[in-house]
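Chemist: coordinates only, sequence not included:
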């Protein structure tokens, strides 16, 4: 129950910023792949949509908890809570990396193979979506590393 | 310089087993994708070959060091060495996950799209190669987590 100050770990303002970035990037990745695109045709795109649909509520929940801890009342760091958070971050960061890589490779294959498969503006959207998913993965993995560090130093 | 016993971290017999598994799986992934297959046509397959070409020497080096530490003479755990090892494991585990996902999604697309792109035995080899790369990623990430734990407890 002691007060541990590790920038980026649960309950700090750096963590709040990380969560905000995760929400922005995962939402934009989801919007780029979903809006006006028939993403059902490719397994990788469905997988990206599924993963982003998991990352967004997770990040929003932790954003709310971090904001409460930063602005309203300091929440004591509990070992059990940190286990759940670092485990969730680990799994979601691996899932989002997997989704980003699959989307990027499929987009690359479709757009290289010829324009018949995929018009130019769709290609750009697939690529943008993959790029946003990579950024979301990066922020998730930073959160994971900091929370793991906090957990192991408890 | 104190003696830290954390199963799976650098210098233990569990780490030796993990390194051995990484070598076996990454080599078999490389062999499945390389032998008698024109992998140059697809970016994702070239990427898998590159990544496995990095993972294999890294794992062999650490296997030798671990074997020396286990069988011949105990090596003291140095902070600087553990930083290098956990950083390398982290980067290689992320790279092999990325390569495995790209290969799996490309193999899925090629084999679903129709047999014209890819004969049946090639599809099986792509899938086997991706599966081996996933196993290699899993062992790398286990090594990373244990070495990170050891580093943060030093």
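Modeler: All right, it came through fine. If you're wondering where the values come from, they're calculated on a predicted model, not measured in any experiment.
Chemist: please make it C-alpha for all contacts and neighbour counts, starting now.
Modeler: Will do.
Chemist: so what's residue A:133 up against?
Modeler: Counting by C-alpha atoms under 8 Å, 6 or more residues apart in numbering or on different chains, residue A:133 makes contact with A:25, A:26, A:29, A:96, A:97, A:99, A:100.
Chemist: tell me which element residue A:53 falls in.
Modeler: helix A:43-67 (DSSP states H and E).
Chemist: ok, is that helix in contact with chain B or not?
Modeler: Yes: Helix A:43-67 reaches chain B (C-alpha under 8 Å from any C-alpha of the partner chain) through A:43, A:44.
Chemist: what residue is smack in the middle of chain A?
Modeler: Centroid-nearest residue in chain A: residue A:136, 3.9 Å away (criterion: C-alpha atoms, centre = their mean).
Chemist: please, which helix or strand holds that residue?
Modeler: helix A:120-152.
Chemist: distance of residue A:83 from residue A:14?
Modeler: Residue A:83 sits at a distance of 19 Å from residue A:14 (criterion: C-alpha to C-alpha, to the nearest Å).
Chemist: what parts of chain A come near chain B?
Modeler: Residues of chain A lying near chain B (C-alpha under 8 Å from any C-alpha): A:42-44, A:97-99, A:101-102, A:104-106, A:109, A:149, A:152-153.
Chemist: which pair in the residues you listed spans the largest distance?
Modeler: Spatial extent of the residues of chain A next to chain B (C-alpha to C-alpha) is set by the pair A:109 and A:153 at 44.5 Å.
Chemist: which one of these two has more residues nearby?
Modeler: Shown here are residue A:109 and residue A:153; by other C-alpha atoms under 10 Å in any protein chain shown, residue A:109 has more neighbours (18 against 12).
Chemist: so what's that one scoring on pLDDT?
Modeler: For residue A:109, the pLDDT comes out at 83.
Chemist: cool, residue A:135 as well?
Modeler: Looking at residue A:135, the pLDDT reads 95.
Chemist: surely it meets residue A:23?
Modeler: No: Residue A:135 lies out of contact with residue A:23 (C-alpha atoms under 8 Å); the separation is 10.6 Å.
Chemist: closest residue of chain A to chain B?
Modeler: Going by C-alpha to the nearest C-alpha, chain B is nearest to residue A:102 of chain A, at 4.9 Å.
Chemist: can I get the contacts of residue A:133 in TSV including pLDDT?
Modeler: As requested, these are exported to TSV (pLDDT from 0 to 100):
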residue	pLDDT
A:25	95
A:26	95
A:29	93
A:96	93
A:97	94
A:99	93
A:100	94
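Chemist: distance to residue B:7, neighbour count and secondary structure added to those residues, as a markdown table?
Modeler: Formatted as a markdown table, those follow (distance: C-alpha to C-alpha, whole Å; neighbours: other C-alpha atoms under 10 Å in any protein chain shown; DSSP: H, G, I helix; E, B strand; the rest coil):
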| residue | distance to residue B:7 | neighbour count | secondary structure |
| --- | --- | --- | --- |
| A:25 | 37 | 23 | helix |
| A:26 | 36 | 29 | helix |
| A:29 | 39 | 27 | helix |
| A:96 | 29 | 28 | helix |
| A:97 | 28 | 27 | helix |
| A:99 | 32 | 29 | helix |
| A:100 | 33 | 30 | helix |
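Chemist: need the residues you listed in TSV with distance to residue A:87, can you?
Modeler: Shown next, in TSV, are the contacts of residue A:133 (distance: C-alpha to C-alpha, whole Å):
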residue	distance to residue A:87
A:25	21
A:26	19
A:29	23
A:96	14
A:97	16
A:99	18
A:100	20
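Chemist: what's the burial count for residue A:140?
Modeler: The local packing of residue A:140 (other C-alpha under 10 Å) involves 27 other residues.
Chemist: setting aside sequence neighbours, what's the nearest residue to it?
Modeler: residue A:93 (5.2 Å; C-alpha to C-alpha, 6 or more residues apart in numbering or on different chains).
Chemist: wait, isn't the one you found in contact with residue A:141?
Modeler: Yes: at 5.4 Å, residue A:93 counts as touching residue A:141 under the criterion of C-alpha under 8 Å.
Chemist: more crowded one of those two?
Modeler: Neighbour comparison, residue A:93 and residue A:141: the larger count goes to residue A:93, with 24 against 21 (by other C-alpha under 10 Å).
Chemist: how about that one, what does it touch?
Modeler: For residue A:93, the contacting residues are A:137, A:138, A:140, A:141, A:144, by C-alpha under 8 Å, 6+ apart.
Chemist: flag the shaky bits of chain A, pLDDT-wise.
Modeler: A:1-5, A:113-118 (pLDDT under 70).
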